[in-house]
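> build me a model:
(chains A, B, C and D)
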Number of protein chains: 2
Amino acid sequence: MSDTGPVAHSLLLVDDEPRIRRVLRLALEDEGYQVAEAANGYDALAALRREPPDVVLLDLMLPDRDGFTVCREIRRASDVPVIMVTARTDSHDVVAGLEAGADDYVTKPLVAKELSARIRALLRRVEPAGARQADLLEVGDLRIDVPAAEVTRDGEVLPLTRTEFKLIAELANADGRVLSREQLLSKVWGYGYFGDSRIVDVHIRRLRLKVERDPASPKHLVTARGLGYRLVS
Amino acid sequence: MSDTGPVAHSLLLVDDEPRIRRVLRLALEDEGYQVAEAANGYDALAALRREPPDVVLLDLMLPDRDGFTVCREIRRASDVPVIMVTARTDSHDVVAGLEAGADDYVTKPLVAKELSARIRALLRRVEPAGARQADLLEVGDLRIDVPAAEVTRDGEVLPLTRTEFKLIAELANADGRVLSREQLLSKVWGYGYFGDSRIVDVHIRRLRLKVERDPASPKHLVTARGLGYRLVS
DNA sequence: CACGAAGATGACGGATTCATGACAGGCGTA
DNA sequence: TACGCCTGTCATGAATCCGTCATCTTCGTG
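Numbers count the residues shown, from 1 in each chain, chains lettered A, B, ... in the order given. Next up, the predicted model:
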C-alpha cells in the first residue's frame, strides 16, 4: 500500500454534497494534501479498505447511515484518525461524535486554514506511532527489511510471498506482543475483511514452513492459544 | 475503563483567573479527573517538571507570557498533550495555537461535557503509546508480561493457559489485596457468568501446580479462607 | 475433641482450538 | 492460451482446555 508512499498526506473526504466536496477538495489540495472522496458511508468504508488514508474527514449527515454510525464502524477495524466535519454545532453532537471514536470535531462553515491546522495537529500526534514502523527489524536470526520487502536468514533470502511478508512484518513490529487474528486481519488484509479468520492460521503455517528451522515445533512464530500469535526472538 | 484501573488521569489547568480555575476544576473533578493548577506560564512549566500530568489545559492569556509561547516551551521539553482553552475565537488564533504545538483548541464559554469528551479523545489517541511499557508485573520471582501473555520464573517460561494467565494477571494487578471468587469471576470469566464459583478453586489449583515450587504449601497464591485468594510476593 | 464449613484434589467428557493437507479459483506471465 | 504461483476455503484429526462432580483434607469453632 504505502510502499513508495507519496510525501503528501492523503485524506478521505466523506460528504454527500458534491459542492462542498469540491470546495473542500480544492482548499485541501492547496494545502498540499492528496484528497480522495466518498459520497456516503458505504463508499467511505469501501474506500477506506481499498486505500487507507492518513486522515478521514467525515460529515455527519450522510444519505445512507449517519456519521456517528459510520465512525463507529470505522473504529471497529481501524485506528485511522477521524475528524468530524459538520454543520451541527450542538455540544451534544460534539460529545456524541467524539464518543463514537472521532479524534476531532469541527463545525461548518469552516476555515480551510483552521481545518488544515487541525489535520496537521492530529497527524503530528499520530505520525510517530505510525512511523514507528522501523525499516529494519531483527528477530533472532531473521532480518526483516521492510522497504525491500525481504526477509533474510544467515544472509540467505527467504522467498516469501507478499501476504506472508506483511504478516511477519506486522508480527515483528508488534515487538513480541500477542496479536489476535482480528488484529492481524485488519493490519495485513486491510480494513473490512469479513472472511474466515482461519486464513491467518494457514498463512502462519506457510510462514513457518519457510521461516522455521523445524516447522513442527516453531521457535519464532509462536501460537498463543485462544489469543493469537506472536513473534519471539 | 476498568474501575480498579490505575489512577485517575491527571490534568494541569493553567489559567490566571482563579474564578475560572475553580469552575473548571470542579467540573473536571466531577468527570473523574485529578486536577492540578497553575496561574501563569512560569508556574505551569515548573508544575510540569515536578509532576507531569496526562493533559495540559492552557489558557491563552497569561500574565507573564502568552499561551503560544508557553505552549512552544512545553513542547521543547515534553510531548504531553495540550489543549488550548481560551476566549479568543478568531480562526487565526486557532491556527497559531495548533501551530505552537497544541493538540486541540476549544473556546470559552465551554461546556464541561464537551471539554471532557475532547480530553478523552486525546487520551485515547495518546495512551497506547505511553502505556506500552507499563504492562510488566513483577511478583516475587515471577514476571508477568501482559502484552506477550507470558509468565516467566527465573527466565523460564511457564506454560499457562489463557484462563490461568488472566487469573494470575488479575491477582497480580490487585497488588496483594484479596480478591473474592465473585470478583475474579467477573474479571476473568466476564460479567454474565452464572456457573459455579468453584471454577476459581480449580484454576487456582492448576495455577499452583505450574507456578508454585511446592504446590502443597503455596507461597504466592495464598488462600484467604472465607474471602478469596491473593497473590503474595 | 467433634463437628460443620470451606477449600483441595483428582478424574472425566464435552467443547474449543489449532495444525495440516488438499483443492479450486484468480492473476499475471511466458 | 497454458502455465505456475499465490491465495482463500474447507474437512479432518489431534491436542488440550475447561467446567463439573465426587471425594478427601484442612481449618475454625464450640
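> which parts of chain A sit against chain B?
A:81, A:91, A:94-95, A:98-99, A:102-104, A:111, A:113-114, A:117-118, A:120-122, A:124-126, A:128-129, A:176-178, A:224-227, A:230 (Cβ under 8 Å from any Cβ of the partner chain). Backbone N, C-alpha and C define where each C-beta goes, glycine included.
> go back to those residues and keep what's next to DNA strand D.
The subset of these within reach of DNA strand D, by Cβ under 7 Å from any atom of the strand, is A:Arg225, A:Gly226.
> can I get the lengthiest helix in chain A as CSV, trimmed to CA atoms?
Using DSSP state H to define each element, chain A has its longest helix at helix A:112-130. What follows is helix A:112-130, C-alpha atoms only, in CSV (Å, rounded to 0.1, in the frame of the first residue of the first chain):
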residue,chain,number,x,y,z
ALA,A,112,-9.6,25.9,5.4
LYS,A,113,-6.6,27.1,7.3
GLU,A,114,-8.0,26.0,10.5
LEU,A,115,-9.1,22.6,9.3
SER,A,116,-5.6,22.2,7.8
ALA,A,117,-4.0,23.1,11.1
ARG,A,118,-6.2,20.6,12.9
ILE,A,119,-5.2,17.9,10.5
ARG,A,120,-1.6,18.8,11.0
ALA,A,121,-2.0,18.7,14.8
LEU,A,122,-3.6,15.3,14.6
LEU,A,123,-1.0,13.9,12.2
ARG,A,124,1.7,15.2,14.4
ARG,A,125,0.2,13.2,17.3
VAL,A,126,-0.4,10.1,15.3
GLU,A,127,2.6,10.0,13.0
PRO,A,128,5.2,8.9,15.5
ALA,A,129,3.0,5.9,16.2
GLY,A,130,2.5,5.1,12.6
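> angle of that helix against helix B:112-130?
In terms of direction (axes from the mean of the first three to the mean of the last three Cα atoms, to 10 degrees), helix A:112-130 departs from helix B:112-130 by 30 degrees.
> what average pLDDT does the helix or strand just after helix A:112-130 get?
Counting by DSSP states H and E, the next helix or strand C-terminal to helix A:112-130 is strand A:136-139. Across strand A:136-139, the average pLDDT comes to 83.
> ok, the closest residue to A:Asp104 other than its chain neighbours - contacts?
Closest residue in space to A:Asp104, ignoring its immediate chain neighbours: A:Ile83 at 4.5 Å, by Cβ to Cβ, 6 or more residues apart in numbering or on different chains. Contacts here follow Cβ atoms under 8 Å, 6 or more residues apart in numbering or on different chains; on that basis A:Ile83 touches A:55-58, A:102-106, A:115, A:118-119, A:122.
> for A:Ile83, pull up the helix or strand it's in.
strand A:82-86.
> turn the contacts of A:Ile83 into a markdown table, columns for distance to A:Val188, neighbour count and pLDDT.
Conversion of the contacts of A:Ile83 to a markdown table gives the following (distance: Cβ to Cβ, whole Å; neighbours: other Cβ atoms under 10 Å in any protein chain shown; pLDDT from 0 to 100):
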| residue | distance to A:Val188 | neighbour count | pLDDT |
| --- | --- | --- | --- |
| A:Val55 | 22 | 24 | 94 |
| A:Val56 | 21 | 27 | 95 |
| A:Leu57 | 26 | 27 | 95 |
| A:Leu58 | 25 | 27 | 94 |
| A:Ala102 | 26 | 26 | 96 |
| A:Asp103 | 24 | 27 | 96 |
| A:Asp104 | 28 | 26 | 96 |
| A:Tyr105 | 31 | 28 | 95 |
| A:Val106 | 33 | 17 | 92 |
| A:Leu115 | 32 | 23 | 93 |
| A:Arg118 | 31 | 25 | 95 |
| A:Ile119 | 27 | 23 | 95 |
| A:Leu122 | 25 | 22 | 94 |
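> A:Gly32: which of these is nearest?
The closest of these to A:Gly32 turns out to be A:Ile119 (Cβ to Cβ; 10.4 Å).
> in this structure that closest one contacts A:Ser10, no?
No: here A:Ile119 lies out of contact with A:Ser10, judged by Cβ atoms under 8 Å, at a distance of 11.1 Å.
> joint contacts of these two?
By Cβ under 8 Å, 6+ apart, the residues touching both A:Ile119 and A:Ser10 are A:Tyr33, A:Val55.
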